[in-house]
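> Provide a 3D model corresponding to the input given below.
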Amino acid sequence: MTDCLLEIDGLTLHRGHKKILDDVKLTLKRGETLALVGESGAGKSTIAMALMGLLDRRAVAIDGSARFNDEVDLFNLPEKEWTRLRGSRLSMVFQDAGTALNPCYTVGSQLMSVLRRKLGLGAKEARERAVELMKDVGINDAVARLSAYPHQLSGGMQQRIMVAIALGCKPDLLFADEPTSALDVTIQAQIVQLILDQTRASGASCIFVLHDLALASQACDRIVVLYAGQVMEAGDCATVLRNPLHPYTRLLKSCVLEIGVEEMTPPEGNVPAYDAMPKGCRFATRCPRALDCCATEKPALIETEGRAIACWNPE
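Numbers count the residues shown, from 1 in each chain. The predicted structure is shown next:
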């Protein structure tokens with residue numbers, strides 16, 4: 001068994017004639033935390049959903065491979081195998097816990113149903129384990145909260161329940177898709193720290209889907225910068241964010257709000273429609289350093305200076 005938990009090579013995804021993801025490559029080590037960052041529409045959540053097997057394969061076409069735990073290619077699994085893996089070895093915390101949790105059932109029943117189905121626990125053992133998990137994620141008076149419905153809990157409490165459900169079976173890999181998007185800043189920090197503490201305690205790896213570069217720099221070991229379904233730059237967070245080489249990463253970093261910094265330089269223009277993308281680098285239409293070849297020739301993702309970068313004219 002190698003140190004690599006997940007290796008994605010050549011992930012390309014089409015919806016009809018539109019290429020949503022274009023030759024995405026990334027690796028994830030055991031126990032590592034990785035951030036997928038980029039603008040809305042970059043393909044971050046699509047990658048996570050594809051790796052969880054949650055996309056309708058009748059509506060999309062997926063090429064490439066995703067080797068998980070040196071055992072299986074996730075993109076070639078039958079649904080029966082997905083049912084076995086989801087929740088037990090692969091799990092996910094979704095953006096909005098208020099819509100992810102079923103309003104018709106108590107949070108306790110939703111948590112216990114996962115434990116009974118995946119771990120084969122009896123009713124009594126599942127209840128005891130559910131109480132332990134709720135305490136682990138910082139929910140006070142856990143026994144009483146078992147009978148609460150989602151709407152009776154705050155947004156932060158709902159997200160803690162989602163973390164408990166996602167980590168209840170000790171998965172090898174957790175996807176956290178914008179897990180703090182609907183929360184205030186103090187609760188955001190608590191939820192991120194909770195996810196980090198829980199995954200590190202169990203030795204699990206974590207992939208965060210984020211818009212926030214500051215959060216990525218504080219919470220994650222490595223970062224992958226995506227634009228319109230292409231990888232622009234990837235590497236250690238400290239290396240990439242301290243000295244970004246790709247023009248898009250540099251412009252993205254300049255959009256981070258900082259106390260005492262008045263000037264921001266966001267990229268000009270908008271992301272092209274998927275049926276009007278350049279044949280080469282997809283950022284070519286907005287890049288201040290674009291060359292003639294950028295629109296027609298796709299740059300390879302090349303390892304250099306402790307990072308991977310796809311650019312004909314890096315800074």
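
> CA only for contacts and neighbour counts going forward, please
Fine.

> now do the SS call for the residue nearest to Leu55 when sequence neighbours are not counted.
The shortest distance from Leu55 to any non-neighbouring residue, by CA to CA, 6 or more residues apart in numbering, is to Met49 (6.1 Å). Three-state call for Met49 (DSSP: H, G, I helix; E, B strand; the rest coil): helix.

> wait, Met49 sits on Arg57?
No. Look at Met49 against Arg57 with CA atoms under 8 Å: they stay out of range, at 11.5 Å.

> between these two, which one's more packed in?
Shown here are Met49 and Arg57; by other CA atoms under 10 Å, Met49 has more neighbours (16 against 12).

> roughly how far does that one sit from Ala176?
11 Å (CA to CA, to the nearest Å).

> and the helices in the stretch 1-150 of the chain?
For the stretch 1-150 of the chain, the helices defined by DSSP state H, counting those that start in this stretch cover 44-51, 79-85, 97-100, 107-119, 123-136, 142-145.

> can I get the longest one in CSV, CA atoms only?
The C-alpha trace of helix 123-136 is given here as CSV (Å, rounded to 0.1, in the frame of the first residue of the first chain):
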residue,chain,number,x,y,z
ALA,A,123,-30.9,0.1,17.8
LYS,A,124,-29.3,0.4,21.3
GLU,A,125,-25.7,0.5,20.1
ALA,A,126,-26.6,3.0,17.3
ARG,A,127,-28.2,5.3,19.8
GLU,A,128,-25.2,5.1,22.1
ARG,A,129,-22.8,5.7,19.2
ALA,A,130,-24.9,8.6,18.0
VAL,A,131,-24.7,10.3,21.4
GLU,A,132,-20.9,9.9,21.4
LEU,A,133,-20.6,11.4,17.9
MET,A,134,-22.8,14.3,18.8
LYS,A,135,-20.6,15.0,21.9
ASP,A,136,-17.5,14.7,19.7
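
> pLDDT on that helix, on average?
For helix 123-136, the mean pLDDT works out to 94.

> with the second one instead?
Regarding helix 79-85, the rounded mean pLDDT is 89.

> quick revisit: rebuild the helices of the stretch 1-150 of the chain as TSV, extending it with distance to Gly229.
TSV is the format used below for the helices of the stretch 1-150 of the chain (distance: least, CA to CA, whole Å):
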stretch	distance to Gly229
helix 44-51	8
helix 79-85	24
helix 97-100	25
helix 107-119	33
helix 123-136	36
helix 142-145	41
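
> between those, which gets nearest to Arg307?
The closest of the helices of the stretch 1-150 of the chain to Arg307 is helix 44-51. By CA to CA, the value is 19.3 Å.

> can you list the low-confidence ranges for this structure?
Where the chain drops to pLDDT under 70, the residues are 1-2, 182, 257-262.

> tell me the centre residue of it?
Val209 (3.2 Å; CA atoms, centre = their mean).

> quick check: which element contains it?
Using DSSP states H and E, Val209 maps to strand 205-210.

> does the helix or strand just after that strand pack against any helices or strands, and if so which?
Counting by DSSP H and E, the next helix or strand C-terminal to strand 205-210 is helix 213-219. For helix 213-219, the packing partners by 3 or more CA pairs under 8 Å, 6 or more residues apart in numbering; DSSP states H and E come out as strand 33-37, helix 237-242.
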